[in-house]
Structures are given as structure tokens and as C-alpha cells.
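S.K.: Pasting the sequence and the predicted coordinates here, then a few questions.
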Amino acid sequence: MHVNQLSVFIENKIGRLKEITTILKEAHVNIRTLTLSDTSDFGVLRLIVDNHALAEESLKKQGFTLNTTKVLAVEVEDQPGGLHHILEVIQDSGINIEYLYAFVNRSGDKAINIFRFDNLEEAAKILMKNGIQVIDGNTLYSL
């Protein structure tokens, strides 16, 4: 049920993000969602793409340092309180949310949140047991 996310470490300077998007464009890799966080010198670009293996290979060939992280894609009601419901379900489990980011899929009434939990498998079980849809990687990559 997990999704493969690439974490690319980049210098915090003008043009570095564009270098990555150029590499992915030329490899015909489509970005599904991303988030970028930074410090004063470096940033971490987390992204989910439609062809993880090709993106990884293409970026490594150009000298980028990256790793793959497993995350969960979770459907969330796209309305006030949608995320709150997910947090209520997770709260008593003892599972920590390390980070999350979201995007809206306009083909339906759901948003999709990308969660990094400290116990991914247990989080997936708890969410599904509570009727919350966890989206598999192949489905997410093709949205």
C-alpha cells in the first residue's frame, strides 16, 4: 500500500530546482506532487513521480544525491475537518507523523495527503480498519 517518494538533496541556490525539472522533463517523467523544504544552505525536494525508477536513474546520472522513502497516500474528505478525522484515528495508536503534504485531485471530492509515519505498515492497517482509503502507488502515479 505504500508509495515511493524521492527525496533529492539540493543546494539552496538559484536554478537548482529548474535543473531537476529539466532532467525530469527530458526523461518524460511527470511529477505528481512535491514539497520543498530548506535550510540556509541545502534543501530537500520530496517528490512523487509517475516513473520512480527512471526519475531516480536520470537524477543520479546528473550527480544528484537522493534516496527513496516509503510514504502513504491517504484519501481525505475535501471539506472542513477532513484532515482532523485522520488525525483522530491516528492519535491513540502511538504512531508519529514525521511529515505530510497534500494535493487535491479535482476529479472527485477527495484530497490526497501524503504521510510519512514512523510505523508505515501499522498506520496503513489502522487507517483501513477505520474505513479510510489508502491509495496504492500505481493508482497514485497514474492520477
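M.R.: Done, it's in.
S.K.: Longest strand of the protein, counting residues only.
M.R.: strand 65-77 (DSSP state E).
S.K.: So what pairs up with Thr69 in the strands?
M.R.: Gln5 (DSSP bridges).
S.K.: and it, how many neighbours does it have?
M.R.: Other residues near Thr69 come to 16 when the count uses other Cβ atoms under 10 Å. C-betas here are computed from N, CA, C, even on glycine.
S.K.: Ser40 should be in a strand, yeah?
M.R.: No: residue state for Ser40 (DSSP: H, G, I helix; E, B strand; the rest coil) corresponds to coil; a strand is not indicated.
S.K.: List the contacts of it.
M.R.: Residues near Ser40 by Cβ atoms under 8 Å, 6 or more residues apart in numbering: Asn12.
S.K.: Quick check: it vs Glu121, distance?
M.R.: 36 Å (Cβ to Cβ, to the nearest Å).
S.K.: returning to what we had before: show me what the longest strand of the chain is packed up against.
M.R.: strand 3-11, strand 42-49, helix 52-61, helix 82-91, strand 110-117, helix 120-129, strand 134-135 (3 or more Cβ pairs under 8 Å, 6 or more residues apart in numbering; DSSP states H and E).
S.K.: For the fourth one, buried residues please.
M.R.: Same thing as helix 82-91. Gly82, Leu83, Ile86, Val89, Ile90 (16 or more other Cβ atoms under 10 Å).
S.K.: partners of the next helix or strand after it in the sheet?
M.R.: Downstream of helix 82-91, the next assigned helix or strand under DSSP states H and E is strand 97-104. With DSSP bridges as the test, strand 97-104 is paired with strand 110-117 (antiparallel).
S.K.: so for the strand it pairs with, what's the average pLDDT?
M.R.: Here strand 110-117 scores 93 as its mean pLDDT.
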